[in-house]
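J.: 3D model of this:
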Amino acid sequence: MARVIAHVTMSLDGFMAGPDVGTAFPMGRGGESLHQWIFDGSSEVDAAAVRQQFALTGAVLLGRRTFDVGVDVWGDTPYPVPCFVLTHRPEPVRTARSGTFTFVHTGLSDAVEQAIAAAGERAVTLMGAEVVQQVLRAGLLDEIHLQLAPVLLGGGRRLFEHLGTGHIALEQLASEKSPHVTHLRYRVVK
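T.: Alright, predicted model coming up:
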């Protein structure tokens with residue numbers, strides 16, 4: 001069965017996007033600095049992490065807000081796989097060059113199940129803070145692949161917010177540094 005993985009780059013002060021996220025600033029003001037490691041091209045460690053992320057991903061589950069601010073930037077699906085958009089505003093399936101966007105309005109569990117079925121033997125990659133938080137709270141997240149960027153954004157969208165009061169234990173699986181980020185992998189202990 002497919003693993004459900006959150007692939008996220010986060011600032012040292014805990015933000016995965018800067019302030020004022022919207023279509024004008026899809027990563028928020030200053031948030032694009034978080035992903036410089038992906039596009040820099042100078043680190044084989046970073047390039048290998050990107051290749052692994054794409055190789056692992058068999059389906060994507062993202063929130064409606066992430067879809068709304070990202071779809072024009074991506075110009076396609078964010079990965080060349082089926083994408084499932086968790087939403088309260090359903091739409092017909094939208095076909096892109098590399099995959100489809102299916103809008104799921106029947107709840108989180110149904111969206112996760114559909115994404116797992118589509119991923120097959122590969123993983124479901126989560127996108128968006130709210131989706132990661134909801135899946136983590138529901139006990140459906142298997143791993144967190146975190147890129148810790150050496151920047152302080154000072155505000156924006158926090159990754160580990162709204163998790164409730166329960167204790168969530170993580171087991172570290174790997175740690176590797178590059179000149180641009182520290183790559184951390186954790187398994188969520190269930």
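J.: residues contacting the spatially closest residue to Leu61 that is not a sequence neighbour?
T.: Ranked by CB to CB, 6 or more residues apart in numbering and with sequence neighbours excluded, the top spatial neighbour of Leu61 is Ala115, at 4.5 Å. To be clear about C-beta, it is placed using only N, CA and C from the backbone, and glycine gets the same treatment. Each residue near Ala115 by CB atoms under 8 Å, 6 or more residues apart in numbering is listed here: 2, 4, 59-61, 82, 84, 124.
J.: Gln36 and Pro150 touch, don't they?
T.: No. With contact defined as CB atoms under 8 Å, Gln36 does not reach Pro150; the gap is 10.4 Å.
J.: what's the overlap in contacts for the two?
T.: Counting by CB under 8 Å, 6+ apart, the residues touching both Gln36 and Pro150 are His180.
J.: before we move on, back to that, between all of the contacts of Ala115, which two are separated the most?
T.: Spanning the widest gap among the contacts of Ala115 are Val4 and Pro82, at 14.5 Å by CB to CB.
J.: distance of the residue minimising distance to the centre of the chain from Glu171?
T.: Residue closest to the mean C-alpha point of the chain, counted by CA atoms, centre = their mean, is Met127 at 2.8 Å. Separation of Met127 from Glu171 (CB to CB, to the nearest Å) stands at 23 Å.
J.: likewise Val60?
T.: 24 Å.
J.: those two: which has the busier surroundings?
T.: Neighbour comparison, Val60 and Glu171: the larger count goes to Val60, with 27 against 10 (by other CB atoms under 10 Å).
J.: A strand includes that one, no?
T.: Yes. Judged by DSSP: H, G, I helix; E, B strand; the rest coil, Val60 forms part of a strand.
J.: thought it was touching Phe84?
T.: Yes. Using CB under 8 Å, Val60 makes contact with Phe84 at a distance of 6.9 Å.
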